[in-house]
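K.L.:
need a 3D model of the following:
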Amino acid sequence: MANVKWKVDPTHSEVQFKVKHLMITTVTGYFSSFDLVAETEDEQFSNPTGVVFTADIDSISTNNEQRDTHLKSPDFFDAANHSQLRFEGRRYENVSGNEYQLHGDLTIRGNTKPVTVNVEFGGIVVDPYGQTKAGFTVDGKINRKDFGLTWSAVTEAGSVVVSDEIKLHCEIQLVKQG
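P.N.:
Presented below is the predicted three-dimensional model:
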């Protein structure tokens, strides 16, 4: 049997990150332009291979234009020279029930590091239009400095402006192709 191909449904998916600001509140950001493709051995999403996620840096939004411009600058993502971030899944491992870990390589600003994210498999359904869809909740953490996002500042009182730890949260709906 040929592998089944899946592609993200961007209208029913979201990709967000959270970072501590001044170590007292959390700022949430989103990527509005992203893609994800995967292949599986069957329609039950067993043993996915070829998992590739990309996000366009210029689509970053934190609901603050000045901050978004700073995030796209060489201080952070350097969108002019690194237009996308990329995650390539290598191994999908069942932890328990519908809980999985996806191990792969994340590339930001030309820096590639191994990353493991937690995946909750929501199941597979056929929507009212006859499309087969699979749903996932993905959570993880990275250290931004591992990827060359090293800008830092300290307030006059000695507080760190932006934390090193970035929390990732994605709601992903995939559509079976073909």
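
K.L.:
list the contacts for residue 109?
P.N.:
Listed by CB atoms under 8 Å, 6 or more residues apart in numbering, the contact set of residue 109 reads 77-78, 81-82, 147-149. For glycine as for every other residue, the C-beta is placed from the backbone atoms N, C-alpha and C.

K.L.:
err, residue 115, not the other one
P.N.:
Residues near residue 115 by CB under 8 Å, 6+ apart: 87, 103-106, 140, 142.

K.L.:
list only buried entries from those.
P.N.:
Among the contacts of residue 115, the ones that count as buried by 16 or more other CB atoms under 10 Å are 87, 104, 106, 140, 142.

K.L.:
rewinding a little: okay, the contacts of residue 109 in JSON lines with distance to residue 162, pLDDT and secondary structure next?
P.N.:
Written out in JSON lines, the entries for those read as follows (distance: CB to CB, whole Å; pLDDT from 0 to 100; DSSP: H, G, I helix; E, B strand; the rest coil):
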{"residue": "77", "distance to residue 162": "13", "pLDDT": "95", "secondary structure": "coil"}
{"residue": "78", "distance to residue 162": "16", "pLDDT": "96", "secondary structure": "coil"}
{"residue": "81", "distance to residue 162": "21", "pLDDT": "98", "secondary structure": "coil"}
{"residue": "82", "distance to residue 162": "19", "pLDDT": "98", "secondary structure": "coil"}
{"residue": "147", "distance to residue 162": "14", "pLDDT": "95", "secondary structure": "helix"}
{"residue": "148", "distance to residue 162": "14", "pLDDT": "90", "secondary structure": "coil"}
{"residue": "149", "distance to residue 162": "9", "pLDDT": "89", "secondary structure": "coil"}
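
K.L.:
drop anything exposed from the residues you listed.
P.N.:
Buried residues within the contacts of residue 109, counting neighbours by 16+ other CB under 10 Å: 77-78, 82, 147-149.

K.L.:
just curious, which of those residues is nearest to residue 177?
P.N.:
For the buried ones among the contacts of residue 109, the minimum distance to residue 177 (CB to CB) is 28.6 Å, reached by residue 82.

K.L.:
wait, isn't that closest one in contact with residue 108?
P.N.:
Yes: contact criterion CB atoms under 8 Å: residue 82 and residue 108 qualify, at 7.3 Å.

K.L.:
circling back to that earlier point, output the contacts of residue 115 as a markdown table; include the columns secondary structure and distance to residue 168.
P.N.:
Below are those laid out as a markdown table (DSSP: H, G, I helix; E, B strand; the rest coil; distance: CB to CB, whole Å):
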| residue | secondary structure | distance to residue 168 |
| --- | --- | --- |
| 87 | strand | 10 |
| 103 | strand | 14 |
| 104 | strand | 12 |
| 105 | strand | 15 |
| 106 | strand | 9 |
| 140 | strand | 4 |
| 142 | strand | 7 |
